[in-house]
Structure formats: structure tokens, C-alpha cells
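A.B. asks: Just to be clear, the model below is a prediction. Sequence and coordinates:
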Amino acid sequence: MTDNRADDVAGIVAATHLYARGLDLFRPKEALSAYTDDAYWDATPVGLKRFEGSEEILGFFQADADAMAEQFHIITNHIVDFDGPDDAHGTNYVFSEGKTKSGASIRAIALNEDEYRRVDGVWKISGRKITPLTAPEMDGFDA
């Protein structure tokens with residue numbers, strides 16, 4: 001644990017960026033490394049599913065990598081509140097766009113509502129709920 005909350009926020013932001021980079025470079029295990037083993041990833045508000053635990057989450061990230069031809073995620077506007085020395089929650093915005101291997105275009109602008117936990121000195125995402133801020137365009141996304 002550090003006494004410097006700026007370092008903690010930087011670690012949390014780094015976890016969110018690691019997730020995005022893993023997805024965008026089609027490295028599902030890298031994306032998963034940003035999450036705790038018991039995490040959840042809930043995109044039911046944007047028409048996808050809720051996944052619980054590292055095995056289910058990795059399965060979805062792998063299906064995403066298999067389905068997408070190109071994609072990017074921009075994650076920004078982080079706000080973090082601490083619940084204790086090793087627990088926090090916060091929000092950030094995500095803008096995602098891409099094209100599936102079958103040619104369908106996807107686009108989503110959403111709010112990530114996150115929970116974070118420090119594990120072995122590293123901040124990770126322990127839960128994420130994704131809520132659309134604009135109407136998502138997900139037709140043809142079959143991951």
C-alpha cells in the first residue's frame with residue numbers, strides 16, 4: 001500500500017488502459033490481466049451479457065478477438081473514490097468502434113462503473129458495469 005493516492009489513481013487508470021490495449025491488440029489474456037480472478041464484467045445495458053470470474057470473462061474476450069477484424073477503445077474521464085486502503089470505485093467513459101470479420105460495424109459510447117481492488121500491490125478491476133451514453137450500434141456483433 002502507498003500513502004500517495006495519486007499513485008493509486010495512476011495504477012487504477014493503468015488497469016483500465018491495460019484492458020483496452022489487450023482488447024484492441026487481440027490479446028485476451030492481457031485484457032484479462034487487468035481484472036481480479038473473481039471479477040464481473042456486465043454489459044447487459046448495452047445488449048451483451050454479464051460474465052463472472054476470470055474463466056467466463058476470458059471466454060468473452062477471446063470470442064471478441066475471434067469476431068473482430070479491427071477495433072479500438074478510448075477510455076477517459078476517470079473519477080476514483082476510495083473505500084479503503086485497497087478498495088475503490090469509480091467511473092470512466094469509453095468510446096469503442098470497430099468492424100467485425102463479417103463486415104458489420106460496431107460503435108459504443110458508454111459509462112464504465114467500476115470497482116477496483118489492489119491485489120499483491122497492483123490495482124485491478126474487480127467489477128465493471130457498462131451503460132450506454134448514446135444508442136449503441138452492435139448489429140452483427142456475435143461474440
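C.D. replies: On my side now, so go ahead.

A.B. asks: Would you mind giving the secondary structure of the spatially most central residue of the chain?
C.D. replies: Among the residues of the chain, the one closest to the centroid is residue 19, at 5.5 Å (C-alpha atoms, centre = their mean). With DSSP: H, G, I helix; E, B strand; the rest coil as the basis, residue 19 sits in helix.

A.B. asks: Roughly how far does the closest residue to it other than its chain neighbours sit from residue 75?
C.D. replies: Spatial nearest neighbour of residue 19, excluding adjacent residues (C-beta to C-beta, 6 or more residues apart in numbering): residue 34 at 4.0 Å. (Each C-beta comes from the backbone N, C-alpha and C, glycine too.) Residue 34 sits 11 Å away from residue 75, going by C-beta to C-beta, to the nearest Å.

A.B. asks: give me the low-pLDDT residue ranges for this protein?
C.D. replies: Counting by pLDDT under 70, the chain has low-confidence residues at 1-3, 142-143.

A.B. asks: can you pull out the helices in it?
C.D. replies: Per DSSP state H, the chain carries helices over the ranges 5-24, 28-32, 53-67.

A.B. asks: Adding distance to residue 45, write the ones you listed out as JSON lines.
C.D. replies: Below are the helices of the chain laid out as JSON lines (distance: least, C-beta to C-beta, whole Å):
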{"stretch": "helix 5-24", "distance to residue 45": "18"}
{"stretch": "helix 28-32", "distance to residue 45": "20"}
{"stretch": "helix 53-67", "distance to residue 45": "15"}
